[in-house]
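Engineer: Sequence plus predicted model, see below.
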Amino acid sequence: MKIIKVIGSLCLINSASAFSPSLCLSGTHKSSSLQADVAEASSDVAVIATDPKEAVKLFGRLAEKYIMLDASAGMCCYSACSDCEYREPGGGYRMADQSSARPKWIPTYDHRAFGSGKEHTTKWSTDIFTDGPAVTKEQFVERLINMEFVPPLGGPFLAKSAAVIEDESAAAALFDILAGDKEKLTRHRMGKEMKVISGGEEGVTWNHFSAALGAK
């Protein structure tokens, strides 16, 4: 995993519209009224870039084959009723839960239970937060590395024997993404930030995870 420092000309885009023309400022076209802002904003920007194989080593430790989704969807009879409230716009159904042959999702919850009696506690909540609701960066990295790896759905394929983590930088970068500027990461915050990474979905897929770590 490497950190790329991006330094260059600054493009100021009108935030009112994504399609508004941008104003790119080079060294010869700086407006004096904007010099102070440019000087402040031109500080280095850290961009995360991770080897996809290193990222999949983490994903294969955190991802699961089972995820619980919408408790109310379990009430559907799945008979293609024309007025079904559980149908998706694209024609599919809202599902109460889903399973996969290989680990596919990192659930954004630590524990979930339905009135039907189904419940699920996630690997990350038990394997990382082993003795309390918060961990330091050192604890997070150590415990994540020691989690069992199972070849996941998505990313470059790695056999279990090839998934030993020797470079801890990707795991450390994941902590920084989840914890922000905090010295410790709480179980609650990890679930909350996973929800952000997933774009509001109940589980983080490889596409979400690789984008967050810059694994291209």
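Structural biologist: It's in.
Engineer: Quickly note the distance from Glu148 to Ala134.
Structural biologist: Taking Cβ to Cβ, to the nearest Å as the measure, Glu148 falls 23 Å from Ala134. Every residue, glycine included, has its C-beta placed from N, CA and C.
Engineer: Name the residue in the two with the higher neighbour count.
Structural biologist: For Glu148 versus Ala134, the count of surrounding residues by other Cβ atoms under 10 Å is larger for Ala134: 18 against 10.
Engineer: Tell me the bridge partners for the more buried one.
Structural biologist: Judged by DSSP bridges, the bridge partners of Ala134 are Thr186.
Engineer: quick one, what contacts it?
Structural biologist: By Cβ atoms under 8 Å, 6 or more residues apart in numbering, Ala134 lies in contact with 184-187.
Engineer: By neighbours, which of those residues wins?
Structural biologist: When neighbours are counted by other Cβ under 10 Å, Leu185 leads the contacts of Ala134 with 24 neighbours.
Engineer: Got the confidence number for the closest residue to Glu183 other than its chain neighbours?
Structural biologist: In space, and not counting its chain neighbours, Glu183 is closest to Thr136: 6.8 Å by Cβ to Cβ, 6 or more residues apart in numbering. Predicted confidence (pLDDT) for Thr136: 98.
Engineer: Appreciated, that's everything.
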